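Novice: The amino acid sequence is not available; the structure is as follows:
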């Protein structure tokens with residue numbers, strides 16, 4: 001059963017499209033290419049630091065990844081523009097289907113947790129601005145264990161924060177690497193396939209549930225499942 005459900009934040013609950021819009025204002029028509037590489041390197045840098053045991057705030061990975069992406073695509077970006085792009089991450093809105101869906105889950109009596117690579121303060125600010133903070137029992141940040149997803153210890157920390165064995169916690173995430181990490185650590189999983197063109201990694205482990213939208217989340221994640 002789902003005794004608790006945890007949600008990844010960026011790209012799962014929070015729509016990051018506004019970052020691309022802001023980036024377009026700052027760097028022009030190269031924004032799509034820069035944005036794609038920015039996200040790729042942001043995750044790569046967190047993976048590297050997790051393996052190296054060289055933890056830093058996720059915002060450091062994000063800023064360094066932006067600088068790399070701009071250099072790779074030969075885009076000159078000022079320090080002020082970098083800060084403007086970084087601020088966009090704190091001003092994002094939730095996907096339109098999220099608030100009502102979270103309300104339904106809360107009404108069903110399922111404890112909900114926000115689980116992120118971001119710092120607790122950054123995530124709390126984001127949830128407050130998106131007006132969905134009230135649905136969560138707590139924000140669980142990897143900063144407490146000084147590592148990043150998909151390190152098994154961050155998922156163990158999530159289960160501990162929920163006060164439950166891993167088998168009674170389900171992670172909902174739009175990121176396949178996050179789903180694989182959670183499954184490896186013994187959590188139950190649900191992949192929210194926000195992008196209909198997205199494919200899941202062809203590993204030996206697949207998500208228990210694949211959800212096409214947040215309506216699927218509310219219909220399938222009932223207390224009995």
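Specialist: Cool, got the structure. All of these numbers come straight from a predicted model, not from anything done at the bench. Numbering: from 1, shown residues only.
Novice: what about the residue nearest to residue 34 when sequence neighbours are not counted, neighbour count?
Specialist: Of all residues not flanking residue 34 in the chain, residue 69 sits nearest, at 4.8 Å (C-beta to C-beta, 6 or more residues apart in numbering). C-beta coordinates here come from the backbone N, C-alpha and C atoms, glycine included. Residues lying near residue 69 (other C-beta atoms under 10 Å) number 24.
Novice: Residue 41 is in contact with residue 69, correct?
Specialist: Yes: counting by C-beta atoms under 8 Å, residue 69 touches residue 41, with 6.1 Å between them.
Novice: Mind listing the shared neighbours of the two?
Specialist: When C-beta atoms under 8 Å, 6 or more residues apart in numbering defines a contact, no residue borders residue 69 and residue 41 alike.
Novice: list the buried ones in the helix or strand bottoming out on mean pLDDT in the chain?
Specialist: Every helix and strand of the chain was ranked by mean pLDDT, DSSP states H and E. The lowest is helix 214-220, at a mean of 85. For helix 214-220, the neighbour count (16 or more other C-beta atoms under 10 Å) marks 214, 216, 217, 218 as buried.
Novice: what residues are up against the third one?
Specialist: When contacts are counted by C-beta under 8 Å, 6+ apart, residue 217 touches 101, 105, 172, 190, 192, 211.
Novice: check which helix or strand covers the residue nearest to residue 34.
Specialist: In this structure, residue 69 sits in helix 58-72 according to DSSP states H and E.
Novice: Point out the other helices and strands that that helix packs with.
Specialist: Where contact means 3 or more C-beta pairs under 8 Å, 6 or more residues apart in numbering; DSSP states H and E, helix 58-72 is packed against helix 31-52, helix 79-88.
Novice: Check what contacts that helix and list those residues.
Specialist: Outside helix 58-72, the residues that reach it (C-beta under 8 Å, 6+ apart) are 27, 34-35, 37-42, 44-46, 49, 75-77, 82, 85-86, 89, 116-119, 122, 142, 148.
Novice: How about stretch 83-100?
Specialist: 10, 13-16, 18-19, 22-23, 26, 59, 62-63, 66, 77, 122, 125-126, 129-132, 135, 194, 213-215.
Novice: Which of those residues are buried, as a PyMOL select command?
Specialist: PyMOL command restricting the contacts of stretch 83-100 to the buried ones, with burial defined by 16+ other C-beta under 10 Å:
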select buried, resi 10+13+14+15+16+19+22+23+26+62+63+66+77+122+126+130+132+135+194+214
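Novice: Give me the neighbour count for the closest residue to residue 171 other than its chain neighbours.
Specialist: With sequence-adjacent residues excluded and distances taken as C-beta to C-beta, 6+ apart, residue 171 is closest to residue 182, at 4.1 Å. Residues lying near residue 182 (other C-beta under 10 Å) number 31.
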